[in-house]
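missing the sequence, but the structure's below:
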């Protein structure tokens, strides 16, 4: 199937959902050479990935993954980890900007959301560059990432939050990571990786790297069966809701998708400069997150609060972003978010080491 798929894609033709699912399963089972994989993902990128192709790829990856049970509905806050792609590095250097060099906002927001009463199972990687993935910052905060599937399930049951390190749940990605790193451009895997959380969810707050993708990805989430979602791209933050400028948000609710541009003032927040929310390496980002959870005021805290608010709104806990921001700030000021982090660290450190192959 892979050769036929490459020929069609380079001709500008899109694959059907089932065809893309089969191709993805071939990739994850080691039946596709690195050259074939590179040709396919580059062709898809140049053509533009269709909704059917993204849905098919997600279903193919889900079929080859190890699942995790969850006792109650949660919210998915995963991102595509765009900060670790070489293309992003080259683009920001060329433009002389740091448009994606924020701290790990969604990781901090996940702790606030869990402390606010929602179950959060986050799914991510370590970074393969000077940028900082969610796994890197969580390790710097003190978490043990190398825990078993059963320990991960106990972790979310006891603490309300867990971090699932990708290699344990998606073994087939070992066939992808090398070629993907060598290619160095954003590919369909950036679009699909936030859609394959082993816990699943009916609610998702999803950040994407281009405003043109918000409606498309909202359509993908609808086809994957989600009940409600926000898909957004913010100025100076890309895959987070921005407090530096406008954010394009596509809202999925009851099968309907609506798209609007929002500004920090719409949430009752002051506008910030990109330098005000800049991050650094894993240790620096861990320090920033701890300062926020300790109640430190400022733009970084505001950025975490508005992104946590998105989860509170789509889950139905709050009716508006302003209400969600109020809940987030109360959770931070009460110390509950800081306690949630300490509970998570304590639990993972009690787990026996679980060694597995790195991606």
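Yes, it's here. Treat the numbers as computed from the prediction; the structure is a model and nothing was measured. Numbers count the residues shown, from 1 in each chain.

residue 136 is in contact with residue 282, correct?
Yes. Assessed by CB atoms under 8 Å, residue 282 is found in contact with residue 136 at 4.0 Å. Using the backbone N, CA and C atoms, a C-beta is placed for each residue, glycine as well.

poorly predicted segments of this structure, please.
Counting by pLDDT under 70, the ranges of the chain that qualify are 69-73, 80-100, 125-132, 167-172, 354-359.

give me the secondary structure label for the most centrally placed residue in it.
By CA atoms, centre = their mean, the chain has its centre lying nearest to residue 79, at 1.4 Å. Assigned by DSSP: H, G, I helix; E, B strand; the rest coil, the conformation of residue 79 is coil.

and the longest helix along the chain, what does it pack onto?
The residue-count maximum for a helix in the chain (DSSP state H) belongs to helix 299-315. The contact analysis (3 or more CB pairs under 8 Å, 6 or more residues apart in numbering; DSSP states H and E) places helix 299-315 against strand 74-76, helix 105-115, strand 203-207, strand 228-234, helix 282-293, helix 321-333.

can you tell me which of these is nearest to residue 217?
Evaluated over these, closeness to residue 217 peaks at strand 228-234, with 4.6 Å, by CB to CB.

moving C-terminal of that closest one, what's the next helix or strand?
Following strand 228-234 in sequence order, the next helix or strand is strand 247-253 (DSSP states H and E).

quick one: strands adjacent to that next one?
Sheet pairing of strand 247-253 (DSSP bridges) gives strand 228-234 (antiparallel), strand 256-262 (antiparallel).

put together JSON lines for the ones you listed, with distance to residue 210 on each row.
Below are those laid out as JSON lines (distance: least, CB to CB, whole Å):
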{"stretch": "strand 228-234", "distance to residue 210": "6"}
{"stretch": "strand 256-262", "distance to residue 210": "13"}
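
buried residues, the helix or strand where residue 155 lies. List them.
Per DSSP H and E: residue 155 is located in helix 149-159. For helix 149-159, a neighbour-count test (16 or more other CB atoms under 10 Å) marks 149, 151-153, 155-156, 159 as buried.

mind picking the two most distant members of these?
Distance extremes for the buried residues of helix 149-159: the farthest pair is 149 and 159 at 16.0 Å, using CB to CB.

what about residue 225, neighbour count?
Burial of residue 225 is recorded as 8 neighbouring residues (other CB atoms under 10 Å).

OK, contacts around it?
Going by CB atoms under 8 Å, 6 or more residues apart in numbering, residue 225 touches residue 202.

would you verify that it is located in a helix?
No. Counting by three-state DSSP, residue 225 is not found in a helix; it is coil.

return the distance of it relative to residue 202.
7 Å (CB to CB, to the nearest Å).

also residue 187?
Applying CB to CB to residue 187 and residue 202 gives a distance of 27 Å.

which of those two has more neighbours?
Higher neighbour count among residue 187 and residue 202: residue 187, with 22 against 17, using other CB under 10 Å.

sec struct for the nearest residue to the more buried one once chain neighbours are set aside, please.
Spatial nearest neighbour of residue 187, chain neighbours left out: residue 41 (4.1 Å); criterion: CB to CB, 6 or more residues apart in numbering. With three-state DSSP as the basis, residue 41 sits in helix.

thinking residue 41 is in contact with residue 189, fair?
Yes. Counting by CB under 8 Å, residue 189 is a contact partner of residue 41 at 7.3 Å.

quick check: neighbours shared by the two?
residue 180.

neighbour count winner among these two?
residue 41 (24 against 20).

any idea how far the more buried one is from residue 191?
Distance, residue 41 to residue 191, by CB to CB: 11 Å.

turn the helices and strands packed on helix 299-315 into TSV, columns for mean neighbour count and distance to residue 350.
Compiled in TSV, these are given as follows (neighbours: other CB atoms under 10 Å; distance: least, CB to CB, whole Å):
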stretch	mean neighbour count	distance to residue 350
strand 74-76	26	22
helix 105-115	29	18
strand 203-207	27	30
strand 228-234	25	34
helix 282-293	20	20
helix 321-333	20	25
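
as TSV, those with distance to residue 31 would be great.
Converted to TSV, the helices and strands packed on helix 299-315 look like this (distance: least, CB to CB, whole Å):
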stretch	distance to residue 31
strand 74-76	29
helix 105-115	33
strand 203-207	30
strand 228-234	32
helix 282-293	35
helix 321-333	45
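
nearest to residue 267, out of these?
In terms of CB to CB, the element of the helices and strands packed on helix 299-315 nearest to residue 267 is helix 321-333, at 4.8 Å.

what residues does that closest one touch?
109, 112, 115-116, 262, 266-269, 292-293, 295, 301, 304-306, 308-313, 317-318, 337-338.

after it, which helix or strand is next?
Downstream of helix 321-333, the next assigned helix or strand under DSSP H and E is helix 336-350.

skip the chain neighbours and tell me the closest residue to residue 49.
Spatial nearest neighbour of residue 49, excluding adjacent residues (CB to CB, 6+ apart): residue 188 at 5.1 Å.

what number of residues lie near the one you found?
Residue 188: 19 surrounding residues under other CB under 10 Å.

please apply the same query to the one 10 residues further on.
Each residue near residue 198 was counted by other CB under 10 Å, and the total is 20.
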